[in-house]
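1. Need the 3D shape of this:
(2 chains)
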Amino acid sequence: MNKHVVLAVLMSAVCSLSAALPAAASSSAGEESLTVWCWDENFNIAAMKTAEKYYKEAGHENFTLNIVNTAEEDIQTKISTAFSAGVTDDLPDIILMGDSWANMYLQNFEGCFADLTDQIDFSEFAQYKVSCFTVNDRVYGIPFDSGSAGLFYRKDILEAAGYSAEDLENVTWERLVEIGKDIREKTGKYVISFDPNSSCSFVLMDSVMQASGEWFYDASDEEQNADFANNAVVREMSMILKEFWNNDLVYRSESRDASSVGAVQEGEVAFVPNAIWYAPTLMAAKDASGLWDYAPFPVLEEADTSPYTNIGGSSWVILESSKQKELAIDFMKTIWAGNTDFYDDILLNQAAVSTWLPASGSDVYNAPNEFFGGKAIYADFASWGEFIPSVAYGTNTWTVNNAIDSNLIDYFDDVVDLDGLMNNIQATYDSLK
Amino acid sequence: MTGKKSRPTHIRTVWFRLSLPMIICVASFMLYPFVYSLVLSFYSHKGLASSFVGAGNYVKMFHDPTFVKALGNNLLFLAIQVPLMLVLALFLAYLLETKDLKWVGFYRTALFLPCVTSLVAYSLVFRTMFQFDGLVNRLLKAMGFISAPLPWFTSRALARAVVILALCWRWTGYNMMYYIAGLQNISKELTEAAMIDGCSRLNAFIRIVIPQLKPVIVFTSVTSTIGTLQLFDEITMLTEGGPGNGTMTVSYYIYKQSFELNNNYGYSAAMSWVIVAIVALLSLIQLRVTREE
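-> The predicted structure is shown next:
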């Protein structure tokens, strides 16, 4: 008898547990709630919070957005694990995806992302962004920010070393190294901050590569074979990076440590070559207002590169597994592809230069920015954005970056020469892709 | 005999029915993944797509510079860190077993405490201490040893040193406890007798104590070897395999191939099997070499 009682209790406990789970899920569905994974507190997260406010005002009073701060690498790891295992319950409705790795994930996990081709008018977005999220003529991402890049610099440090803004007009990387040596000697400040082990290639190699109008490989080629030995851009930029590194011009913090941002904000580093989305990070250090300025992106002396290029940039993707796909699509359509006030707001408050074309006519673009000495930073970066050479990233950009980052230090330390470096990058790339 | 034969079937098979739940658990959570990983290792993956490559993964591995480098790093850590840690552990254990030592309980607890801290937590603390503007650089600078901060995580030699230091900090106490237990089982009379006969303390330790500790030494070196070959947590938290794959280990590379790059689970499974083979081989050698004649 006792045995049966225990069994009955256990079984009813199990039943009530399993019954409670779907019940909890369905009760939250009534309140119009979406979960978003994205990174960068000052930028993407802040922009999404603003979007939530605008969607509420658009007649969805009960709408709530659950924004989870998730590092870019963590989003990759989490979604690939969940998709491979086929367990998508814990995934959010919307994720932010970096443009450079979007194609790899969209192709590797075909069918896991919501097809938005017929839902949103993609002709209203910058086409180079749309193409990053297009696979077999179907579009899977709502383009967000521009990665239009420039060279941010500390005016006070530059002037202390005897240089002025004119010296940075049409500046080459080679010249920047020379200026950097003077800065280091005269002011004791570092010149640039990068970590040859991670993100270095993403910021400093991809950008000059795109500026050349070509990519590491031909993305239309099925194999995506790269030829590093004959890649003039990677060769020249590797030499530049080595010059920076071996002349002690680099603030050597790991890219994932807070100190890499802290040092820049505290004025320990003179130059920050980066995209417009880095401006909010600079502006977060309010006491540095008026000390920062910017110039167009440096070019290479030998290889043919333009001063207009792109770094990073990302877009929103809705997961096919989302239980509230319709709501997610409506939210993105109403706000991210249809509300100019919203775009004015995030431009003004988060310095988010978008790639939704109807937003680009706004007066806010021409507003002077006190932090950057009263210059119209958004108008400038947006106008540079129009000249960025369009390249197809293909599916292996992330792999190329990995291959370069894992070999640079050998070249810096003279373990291998330049040809050896190119061979090593080639071998690593071939085995990773 | 006859009595046994006449037992009803349900009694003869009772062992099976009783252990069935456990058999099912072991089969589904250990045996199945074990076998499936072997099957997986003959496929190449790219996200959800996969193709059969036979022994291709095993061939590819030895032309893969990252894998070769990672294996080299594993062996380097093995060659430096394991002996360093075991000697240190033995030395500390011996000190703690000296007669008339005060505060034994305190020292023992202090030395063992690192072993109960979480791998992730202690790695994070080490990383924070050694970062470019971290505690260690500030201390060294304040004491006048260095004029510019040392790039702990962007110089290959220094990054390896930090990993080895961290591993020693975390695992020495663990091995020390085994040695203490071993030492307590050795009778002091032999050593005392030898010393009365004029044997030096060091000589007595090398010729009398160590031979008797042999089984414990073999055990700790085998477990440490396996631990080093599977080194993952510290690398993930401290260096992410950098700089320039200078601290990349096979386990971390397996993770990277599975979850960070093209999700090549097949290739990762193949690498795991190579690690299994190496661990088995090394353990076998260690057992053979140290076996009693």
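
2. switch to C-alpha atoms for all contacts and neighbour counts from now on
-> Fine.

3. Now do the buried residues in the lengthiest helix in chain B.
-> Identified as the longest helix of chain B according to DSSP state H is helix B:65-96. Within helix B:65-96, the residues scored as buried using 16 or more other C-alpha atoms under 10 Å in any protein chain shown are B:65-67, B:69-75, B:77-78, B:81-82, B:85-86, B:88-90, B:92-94, B:96.

4. swap in stretch A:79-98?
-> Buried residues in stretch A:79-98, counted by 16+ other C-alpha under 10 Å: A:79-81, A:83-84, A:88, A:91-98.

5. Span of that stretch from start to end?
-> End-to-end distance for stretch A:79-98, by C-alpha to C-alpha, to the nearest Å: 14 Å.

6. how distant is it from the center of its chain?
-> 19 Å (C-alpha atoms, centre = their mean, to the nearest Å).

7. Get me the contact residues on the stretch 201-350 of chain A for chain B.
-> The stretch 201-350 of chain A comes close to chain B at residues A:252-254, A:257, A:259, as judged by C-alpha under 8 Å from any C-alpha of the partner chain.

8. Mind checking which of those residues are buried?
-> Buried among these (16+ other C-alpha under 10 Å): A:252-254, A:259.

9. Could you list the contact residues of the stretch 151-293 of chain B toward chain A?
-> B:151, B:153-154, B:242-245, B:257, B:259-263.

10. got JSON lines for those residues, with neighbour count and distance to residue B:291 too?
-> Output for those, formatted as JSON lines (neighbours: other C-alpha atoms under 10 Å in any protein chain shown; distance: C-alpha to C-alpha, whole Å):
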{"residue": "B:151", "neighbour count": "19", "distance to residue B:291": "44"}
{"residue": "B:153", "neighbour count": "30", "distance to residue B:291": "41"}
{"residue": "B:154", "neighbour count": "23", "distance to residue B:291": "43"}
{"residue": "B:242", "neighbour count": "27", "distance to residue B:291": "39"}
{"residue": "B:243", "neighbour count": "29", "distance to residue B:291": "40"}
{"residue": "B:244", "neighbour count": "25", "distance to residue B:291": "40"}
{"residue": "B:245", "neighbour count": "25", "distance to residue B:291": "37"}
{"residue": "B:257", "neighbour count": "20", "distance to residue B:291": "39"}
{"residue": "B:259", "neighbour count": "23", "distance to residue B:291": "41"}
{"residue": "B:260", "neighbour count": "21", "distance to residue B:291": "43"}
{"residue": "B:261", "neighbour count": "23", "distance to residue B:291": "44"}
{"residue": "B:262", "neighbour count": "23", "distance to residue B:291": "45"}
{"residue": "B:263", "neighbour count": "25", "distance to residue B:291": "43"}
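
11. which of these has the weakest pLDDT?
-> Across these, the smallest pLDDT goes to residue B:242, namely 77.

12. Three-state assignment for that one, please.
-> coil (DSSP: H, G, I helix; E, B strand; the rest coil).

13. That one reaches residue B:154, doesn't it?
-> Yes: using C-alpha atoms under 8 Å, residue B:242 is in contact with residue B:154, at 7.4 Å.

14. Find the residues that touch each one of those two.
-> Taking C-alpha atoms under 8 Å, 6 or more residues apart in numbering or on different chains as the contact rule, residue B:242 and residue B:154 both touch residue A:197.

15. residues near residue B:13, how many?
-> Counted with other C-alpha atoms under 10 Å in any protein chain shown, the neighbours of residue B:13 add up to 10.

16. Am I right that residue A:133 is in contact with residue A:139?
-> Yes: in this structure residue A:133 lies within contact range of residue A:139 using C-alpha under 8 Å: 5.7 Å.

17. Compare these two (neighbour count), which wins?
-> residue A:133 (27 against 23).

18. Let me see the ranges of the strands in the stretch 101-250 of chain A.
-> Taking DSSP state E, counting those that start in this stretch as the test, the strands found in the stretch 101-250 of chain A are A:134-135, A:138-139, A:141-143, A:149-154.

19. which residue packs closest to residue B:58, ignoring adjacent ones?
-> residue B:270 (6.4 Å; C-alpha to C-alpha, 6 or more residues apart in numbering or on different chains).

20. Residue B:267 too?
-> Residue B:267 sits nearest to residue B:57 (C-alpha to C-alpha, 6+ apart), 5.5 Å away.

21. so how far is residue A:159 from the one you found?
-> 57 Å.

22. Over to residue A:39?
-> According to C-alpha to C-alpha, residue A:39 and residue A:159 sit 35 Å apart.

23. Likewise for residue B:203?
-> To residue A:159, residue B:203 is 69 Å away according to C-alpha to C-alpha.

24. just residue B:10 next, same as before
-> In this view, residue B:10 and residue A:159 are 94 Å apart by C-alpha to C-alpha.

25. Local confidence estimate at residue A:37?
-> Residue A:37 carries a pLDDT value of 97.

26. Look up which residues are beta-bridged to it.
-> residue A:68, residue A:95 (DSSP bridges).

27. In the stretch 201-350 of chain A, where is pLDDT below threshold?
-> Scanning the stretch 201-350 of chain A for pLDDT under 70 picks out A:255-258.

28. ok, the residue in it positioned nearest to chain B to residue B:158 distance?
-> The minimum distance from the stretch 201-350 of chain A to chain B, using C-alpha to the nearest C-alpha, falls at residue A:253 (5.3 Å). Plainly put, residue A:253 is 14 Å away from residue B:158 if you go by C-alpha to C-alpha.

29. coming back round to it: dump the residues of the stretch 201-350 of chain A next to chain B to JSON lines, plus secondary structure.
-> Formatted as JSON lines, these follow (three-state DSSP):
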{"residue": "A:252", "secondary structure": "coil"}
{"residue": "A:253", "secondary structure": "coil"}
{"residue": "A:254", "secondary structure": "coil"}
{"residue": "A:257", "secondary structure": "coil"}
{"residue": "A:259", "secondary structure": "helix"}
